[in-house]
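*Asks:* I'd like to go over a predicted model; first the sequence, then the structure.
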There are 2 protein chains.
Amino acid sequence: MIDPWSSAIVDYENLIEQFGIKPFSDLLPDVKDPPILMKRGIIFGQRDYGRILKAIREKSEFAVVTGMMPSGKMHIGHKMIVDQLIWYQKQGADIFIPIADMESYSARNIDFEESRELAINEYLTNYIALGLDIKKKNTHIYLQSENETVQNLAYLLGRRVNLNEMKAIYGFSGSTNLSHLYVPLIQVADILHPQLEEFGGPKPIVVPVGPDQDPHIRLTRDIAERFKTKYQFIAPSSTYHRFITGLTGDKMSSSKPKTAIFLSDSPEVAAKKIKSAKTGGRESLDDQKRLGGLPEDCVVYEMLLYHLIKSEDELKDIFNNCKNGTTMCGECKIQAAELLKKFFVDLSKRRIVAETEARKILSKD
Amino acid sequence: MIDPWSSAIVDYENLIEQFGIKPFSDLLPDVKDPPILMKRGIIFGQRDYGRILKAIREKSEFAVVTGMMPSGKMHIGHKMIVDQLIWYQKQGADIFIPIADMESYSARNIDFEESRELAINEYLTNYIALGLDIKKKNTHIYLQSENETVQNLAYLLGRRVNLNEMKAIYGFSGSTNLSHLYVPLIQVADILHPQLEEFGGPKPIVVPVGPDQDPHIRLTRDIAERFKTKYQFIAPSSTYHRFITGLTGDKMSSSKPKTAIFLSDSPEVAAKKIKSAKTGGRESLDDQKRLGGLPEDCVVYEMLLYHLIKSEDELKDIFNNCKNGTTMCGECKIQAAELLKKFFVDLSKRRIVAETEARKILSKD
């Protein structure tokens, strides 16, 4: 069982074997202008992604759905989702961004108003600052608690999902509260509602997620099948991305500040943080010159790989110069810190305008 | 366990002893201008009704909440609810009438649009025709599926209700579907939401129900208590009324047409139906003259008692003349049929205007 409410480090290959997630690499040759996350294997798995590629190729309608749960601060790992949204927007996708205030309430006891503020100040502001065009046509951003269509669809779908099933998927027990029990249905409706008549009817949907979210995806696909006759739903596709490693070598998590570079960190703090991150360096400089470093096990290299180096050739050089003992960790950290600082200077500037825009979209009236 | 989804004949005295429902008769002397249903013991039980009487006496704010579940046709037994609403409206109550389309869907697989039509054509039209003033200030009629406040409150309250509790109250099991499991929370929110700030804050609420609905009442009172600190909820009061007996001697039920006089029946059909009802008559006319009839076990007498005879003296005469063998069933049936016919002629006339009004309130835009 994969538990979507825990946050352990995941064995990616096991997922592919055990749960029927297919390797993304099989389809990579068919992707035109793939984004970095695909090219570099950070997006490692998929379900039924072929129909998304077909829609892109044929310029037919499709949608991407990816929620944000407002709880705590956004860290640099969350940028992955925004990068994907921006890419899909370029491919002509309809964009749906549910703000999971209902989940935030049942999972973290954050009330709807607090969620709204967090969604505005923290999440949406950063999404915009990172480059998402929220004003683009067919871009839908909503709070779950304010979306009657989604709430009603969840309820309608719930008639064909029983308690035994929820227990098997999520391990719910007698002490599980009803909101926690019910909220997965809201997520199912988040994913399926773009296929309702009012949004143009059945269409391929892709949901980019971390592998811990796969239980939701499987449940959604099952339910889509059960209501196929009624709504002509097409089972949603999904992609799976690796989690970014935290500064300490564990998973990066907002609830463990020592692991995370937050998007709201100042450029100086961000630079300082990456300089203190766990690297793939050897015990001594001599060892490292002799044996080379371990970039595949280095938080600094991962930051370059996921977010900071655009050019494949440049990245290859960095990797090789570490591997063969030419570049030492100090030097590499300085480069990463510089790039990160630049990135954060730029981001914090853009966040000022972004916040006004975010507030406009989600203001109460 | 009382099962709110079954419809067996109920042992009223047992209810009072076993579940802590108090006899209504204790409070009757304190009710100014009690309606027939109270005077004649048809409303037989209550919880915390004292605070409702206090609100009436002091002319302070209180509300009555009573839902309608659109499924099948309204029969004359349902008139009891409308009679109570009209009386409460006169006492200055805020009126809340949730239309339980969400329950109708999970319990009967009736979709929201069908519910809306049923609610307009059948239920609300009859409510108005029976004399309810739906245009009166502070009268709220809504479809559950369209009420965001109620749906969100249900979800918020669900965080402190767990699965074990629902199993104990309703006997839910692993095969129970999620909509069925969740919908009691919607009803709880129907009852409690008039106490939210936007409706003027905490106030006494009374819910007139049949005794089969008591599990909902107890759950609602428990939940109100749990959220007392957050919302200052006052536990809702309730009254309990006897069910009207069906024409065959069983419970009157829309799903068993032979038992019911429907409000949409023509005056002639209604009159004919009451003439064929089970009476408290003896095996032969001679026996009846000698022993007297059994009005306490007579569907025709019950119809007079619940709905057709306004004067206490007149009713007493009818009762006594049956008891002492003066009036025979045939004669009594003719009287009831005449009265019923008159009632139905009047009702069907008023229903024409009523339907337009009902449609205006619940039309989609």
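*Replies:* Looks like it arrived, so ask away.

*Asks:* can you count the residues close to A:Asp297?
*Replies:* By the measure other CB atoms under 10 Å in any protein chain shown, the count of residues near A:Asp297 is 14. Using the backbone N, CA and C atoms, a C-beta is placed for each residue, glycine as well.

*Asks:* ok, for it, nearest residue in space, not its chain neighbours?
*Replies:* Counting by CB to CB, 6 or more residues apart in numbering or on different chains, A:Asp297 lies nearest to A:Gly280, which is 4.4 Å off, once chain neighbours are set aside.

*Asks:* Provide the secondary structure category for the one you found.
*Replies:* coil (DSSP: H, G, I helix; E, B strand; the rest coil).

*Asks:* same question, the one 10 residues further on
*Replies:* Using three-state DSSP, the secondary structure recorded for A:Arg290 is helix.

*Asks:* Can you give me every residue that contacts the residue nearest to A:Asp297?
*Replies:* Applying CB atoms under 8 Å, 6 or more residues apart in numbering or on different chains, one finds that A:Gly280 lies in contact with A:293-298, A:301, A:322.

*Asks:* Give the buried subset of those residues as a PyMOL selection command.
*Replies:* This is the PyMOL syntax for the buried subset of the contacts of A:Gly280, where burial follows 16 or more other CB atoms under 10 Å in any protein chain shown:
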select buried, chain A and resi 293+295+298+301+322
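
*Asks:* where's the residue nearest to A:Asp297 relative to A:Cys329, distance?
*Replies:* Distance of A:Gly280 to A:Cys329, computed by CB to CB, to the nearest Å: 8 Å.

*Asks:* next one: A:Gln195
*Replies:* Taken as CB to CB, the span from A:Gln195 to A:Cys329 is 49 Å.

*Asks:* residues shared between the contacts of A:Gly280 and A:Cys329?
*Replies:* A:Gly293.

*Asks:* Which residues does the helix or strand hosting A:Arg116 contact?
*Replies:* Using DSSP states H and E, A:Arg116 sits within helix A:112-118. Taking contacts as CB under 8 Å, 6+ apart, the residues outside helix A:112-118 that touch it are A:70-71, A:99, A:101, A:104-105, A:110, A:143, A:145, A:362, A:364, B:152.

*Asks:* now do stretch A:251-263
*Replies:* By CB under 8 Å, 6+ apart, stretch A:251-263 touches A:7-9, A:71-79, A:126, A:129-130, A:243-248, A:250, A:270, A:273-274, A:340, A:347.

*Asks:* That stretch: end-to-end distance?
*Replies:* 17 Å (CA to CA, to the nearest Å).

*Asks:* Can you give me the buried ones in that stretch?
*Replies:* Quick answer for stretch A:251-263 (16+ other CB under 10 Å): A:251-254, A:259-263.

*Asks:* I'd like to know which of these is nearest to B:Arg221.
*Replies:* A:Ser254 (39.3 Å; CB to CB).

*Asks:* SS state for the residue positioned nearest the centre of chain A?
*Replies:* Centroid-nearest residue in chain A, with CA atoms, centre = their mean: A:Ile81, separated by 3.7 Å. Secondary structure state of A:Ile81, per three-state DSSP, is helix.

*Asks:* Next: A:Tyr142.
*Replies:* At A:Tyr142, secondary structure determined by three-state DSSP is strand.

*Asks:* on that earlier part again, can you put the buried residues of stretch A:251-263 in JSON lines and add secondary structure and distance to A:Ala55?
*Replies:* Converted to JSON lines, the buried residues of stretch A:251-263 look like this (DSSP: H, G, I helix; E, B strand; the rest coil; distance: CB to CB, whole Å):
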{"residue": "A:Lys251", "secondary structure": "strand", "distance to A:Ala55": "33"}
{"residue": "A:Met252", "secondary structure": "coil", "distance to A:Ala55": "32"}
{"residue": "A:Ser253", "secondary structure": "coil", "distance to A:Ala55": "34"}
{"residue": "A:Ser254", "secondary structure": "coil", "distance to A:Ala55": "33"}
{"residue": "A:Thr259", "secondary structure": "helix", "distance to A:Ala55": "37"}
{"residue": "A:Ala260", "secondary structure": "coil", "distance to A:Ala55": "35"}
{"residue": "A:Ile261", "secondary structure": "coil", "distance to A:Ala55": "35"}
{"residue": "A:Phe262", "secondary structure": "strand", "distance to A:Ala55": "35"}
{"residue": "A:Leu263", "secondary structure": "coil", "distance to A:Ala55": "31"}
